[in-house]
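Here you go, sequence then predicted model.
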Amino acid sequence: MEPLGINNATTRPAVFHWLSQLRIPAFALDLQGQVAGWNEALVTLTGVPQAMMLGRKDPWLAFSETSQMLTAQSLLQQFQQAQRRGQVLPECIHEAGQYLLPHNRRECLLVSDATLLRDERGVICGVLQLIQDRSEQEKAATRFRRLFTASPDPVWIIENNTFVDCNDAAVSMLGYASREQLLNTHPSKLSPEFQPDGMSSYEKAELMMKLATQNGLHRFEWVHTRADGTDFDAEVTLARLEIGGNHAIYCTWRDITERKKSESAVRLYASVFQNSGEAILITDPQNRIVAVNPSLCRLTGYSEEELHGKNPRVLSAGRSPKSTYEQLWAALNSERFWQGELWDRRKDGSVFVKWAAISVNVDDAGNVVNYIASYNDISERKEAEARIDWLAHHDALTELLNRHGLAQQLKQVIASAQRNKQQLALIFLDLDRFKTINDTLGHHIGDQLLAEVARRLRALLRESDVIARLGGDEFVMALTELNSANQSMAVVRKLEAKLNEPYLIDGRLLHLTPSMGVALYPDDATCADELMRQADTAMYHAKESGRNNTQYYAAEMGQRAVVRMELERELWRALDSDQFTLYYQPIMCAQDGTICGAEALLRWHHPERGMISPAEFIPVAEECGAILKLGAWVLDEACRQMQAWQTAGIAPARIAVNISAHQLRQDGLLQWVGECLARYQLSAECLTLEVTETAAMERPENAIAILNALRQMGVELAIDDFGTGYSSLAYLQSLPIQSLKLDRRFVMHMCVNESDADIAAASIALAQKLGLKVVAEGVETVAQRDALVAQGCDMLQGFLFSKPVPATQWPALIAKLSRC
Ligand SMILES: Nc1nc2c(ncn2[C@@H]2O[C@@H]3COP(=O)(O)O[C@H]4[C@@H](O)[C@H](n5cnc6c(=O)[nH]c(N)nc65)O[C@@H]4COP(=O)(O)O[C@H]3[C@H]2O)c(=O)[nH]1
């Protein structure tokens, strides 16, 4: 019997023919399930020749030892079963599977499609099996999936404007637990409602996807929202994709938070650069200017174009020393930073000093990328520094050097004199009675007077000489470049003459005299300190010698200073060892010659030197402060004596006690007076306190307040040494005093010197006008007494009546005086 269908003699050649035409691997089975055709493409795939397979019923063996290529066989069986049962025939069966090709042991994915073959009459005559090797596509798909999954950047697949797939990176970037939570969502759902440009995320996402679909590729920035609600910036790339004939979009994100941050940092730096008040200049590694900011243009007057490409030395004023630039480059090379002062010149030619801070910007390999310099004009600061420095070394009132400045300059001029084998003279100058003028006429007059003195000194001395004011009315001058000591004398004479000229201050004509002390380098001393000490000593000596004169230092002056120091030491010791006592001098009533008072006068019985005069030790006690303790003792002792005399019935009506300027300044004076009066049960009316004219004028407001308080206690107040100061009438009137003590210098000469007689007469008249009593001091002769009485003097005191006597002699003294 002729085989059925394709395998009979008529149909077989046709089947072979069209099978051989197929480029896809294929074979055909006849209705007995035997291989009726096996094309070349299949030979290539399986390595099995056609001849070996024709007529066989087990074609699967060509594909795998273990698997069966059953499709065609099963289709045939299904067809035959259906035909037997009269059912509808399946036309086609599809199958896919993994096969190991035996001839080359290659594992491959084969997809087979079995189709029934019909002859020209439509009668089923066999099965055609088409086989496709999908291994390469499968590999590509696997590779893609791996790439998709393993990509560190989030990747999404969008279909129909919905996320349909994504990788793990996307899940973790958004902070979700699983992919499923993210899929089937519109991209805008994972974003804030609006994007930074104000567009709604939904609308913008739609637009972006449309553009990607149209253009094939679209890239843009997008703000996403994480699962925890926080936002982040991403750069999104959308690429059009075809998947199985469907349009899709391949979407990748890149987190650009850092990039955004650095972009905003760059924007910030750019704005700092542009808007900084500091001038900034940037150069390339060859030190050519590549950028300058507006502040630098303002500071230098150059435009950016004018500076671009130039070396920064175009700005240099050429004043900074070469060594500065050497240090600058050394520091930039080793530490990559330098700061310091540089002198620059503006476009208009003006020169200024700037504070420069230069740093080197290097790349990872350590190569110089830029030099960045920032500048500040520090001219004002330098000026302020110079001013501060000037003030630290100068006296603001006179603009002369101060003590500090003098010390510096003196060292220099001494060193220079030493080098040049020259001499120099150091002059200490003190203005006689300046303090009195200052206190009585006010500080503003005093200040003008000092400024005028400074002007005169400057006008007289040379540039090279040194002039300083140490404070108060103390001036110091160093005459330099002297070839002999005599040269200094000529200058001293000129100084005396110039300073003696009257001063017109605020419409007042004032007279001042200088006391000067001179010490010579190297004759008297070779160091500044000693020279100063000696000139000072010489100046004190000039004062002691009656003021308005100049003394050159002599060794014995130094000796005198030593004696004075010794006296001071002994004074303190004497205070603790009862070496002081009070003497009393009677004050007589001019009218009836009776004793109306006694003045307590201090005496120092020195164990070796005998009696020391208060005129000698009181000024020392004043200077060293011992006067406070001494004065307190005097007051107490005088009150104690007064009480003793009262008890003995020989007390004068009043006891007068001297109060020094120092005591008057002391806060405790009032209390002490009160305590002494109380301690000895004395009424305040029997105590007179004598204050010198100059003491009362020192810090007048203060003095007036204390004197007022004393007066309120009931104590009488007298101005001592009247006529020696500069008291103005107005000032005298403001003092709560009851009497004036006419200084004994006027009394002494009143009978021989007309002007002294006039002063005495005027003082008495003045006192009477002011309602004050006058006590004349130092009355030694009957003539003086008579003249004073004739002029209306109230009280008299002097050797004519008695020298000061110790308290023990007081009873005898009053007995003697009452007999006169
Ligand atoms: N040539 C001459 N001199 C006469 C005559 N009559 C009195 N004297 C002297 O003149 C001075 C009067 O005292 P003073 O003007 O207050 O001047 C006093 C007073 O300013 C000060 N002094 C004395 N004792 C004290 C004291 O306890 N405290 C204070 N702060 N100063 C005192 O010492 C100055 C000198 O005192 P003394 O040497 O005791 O000198 C006394 C007295 O001995 C005279 O007819 N001819």
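Cool, the structure landed. Residues are numbered from 1 along each chain as shown.

Please, where are all the strands along the stretch 501-650 of the chain?
Secondary structure of the stretch 501-650 of the chain (DSSP state E, counting those that start in this stretch): strands at 503-505, 508-510, 513-521, 550-552, 580-589, 595-606, 610-612.

Would you format those strands as a markdown table with distance to Val368 and mean pLDDT included?
Where C-beta positions appear, they are placed from N, C-alpha and C, glycine not excepted. Shown next, in a markdown table, are these (distance: least, Cβ to Cβ, whole Å; pLDDT from 0 to 100):
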| stretch | distance to Val368 | mean pLDDT |
| --- | --- | --- |
| strand 503-505 | 68 | 93 |
| strand 508-510 | 72 | 87 |
| strand 513-521 | 58 | 93 |
| strand 550-552 | 70 | 88 |
| strand 580-589 | 86 | 97 |
| strand 595-606 | 85 | 96 |
| strand 610-612 | 85 | 91 |
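
which residues does the residue in the stretch 451-600 of the chain that the ligand sits nearest to contact?
Distance from the ligand to each residue of the stretch 451-600 of the chain (Cβ to the nearest ligand atom) is smallest for Gln585, at 5.7 Å. Residues near Gln585 by Cβ atoms under 8 Å, 6 or more residues apart in numbering: Ala598, Glu599, Leu601, Gln797, Ser802, Lys803, Pro804, Val805.

mind checking how far it is from Thr149?
Per Cβ to Cβ, to the nearest Å, Gln585 is found 125 Å from Thr149.

Go through the strands of the stretch 501-650 of the chain and name the closest to Ser191.
With Cβ to Cβ, the closest approach to Ser191 among these belongs to strand 503-505: 87.7 Å.

Up against the ligand, what does the chain have?
Within the chain, the positions lying close to the ligand (Cβ under 6 Å from any ligand atom) are 585, 601-602, 613-615, 618, 631, 634, 658, 660, 690, 720-721, 744, 777-780, 797-799, 804.

what does stretch 211-223 rub up against?
Contacts of stretch 211-223 (Cβ under 8 Å, 6+ apart): 191-192, 195-196, 208, 231-240, 247, 249, 253, 256.

Please pick the buried ones from those residues.
Listed as buried from the contacts of stretch 211-223 are 191, 195, 208, 232-238, 240, 249, 253, 256; burial here means 16 or more other Cβ atoms under 10 Å.

Show me the residues you listed that map onto helices.
The helices, defined by DSSP state H, take in Met208 from these.

State the pair within the buried ones among the contacts of stretch 211-223 that is farthest apart.
Phe232 and Arg240 (25.8 Å).

ok, back up a step: mind checking which of the contacts of stretch 211-223 are in strands?
231-240, 247, 249, 253 (DSSP state E).

Let me have the residues you listed in TSV, adding distance to Ala478 as columns.
Listed next are the ones in strands among the contacts of stretch 211-223 as TSV, based on distance: Cβ to Cβ, whole Å:
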residue	distance to Ala478
Asp231	79
Phe232	79
Asp233	77
Ala234	82
Glu235	81
Val236	86
Thr237	87
Leu238	91
Ala239	93
Arg240	98
His247	103
Ile249	96
Trp253	85
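
Among those, name the least confidently predicted one.
Lowest pLDDT of these: His247, 87.

Can you give me the separation between that one and Glu206?
Counting by Cβ to Cβ - His247 and Glu206 are separated by 15 Å.

where does the stretch 701-820 of the chain have low pLDDT?
724-730, 820 (pLDDT under 70).

quick one, strands of it?
716-722, 739-742, 773-776, 795-796, 805-806.

Please list the outside residues in contact with the last one.
I take that to be strand 805-806. For strand 805-806, contacts defined as Cβ under 8 Å, 6+ apart pick out Thr581, Leu582, Tyr583, Tyr584, Gln585, Arg603, Leu813.

7 Å instead?
Thr581, Tyr583, Tyr584, Leu813 (Cβ atoms under 7 Å, 6 or more residues apart in numbering).

Counting neighbours, which of these comes out on top?
Highest neighbour count within those: Tyr584, with 25 neighbours (other Cβ atoms under 10 Å).

need the contact list for it.
Going by Cβ under 7 Å, 6+ apart, Tyr584 touches Ala598, Glu599, Ala600, Pro804, Val805, Ala807, Trp810.
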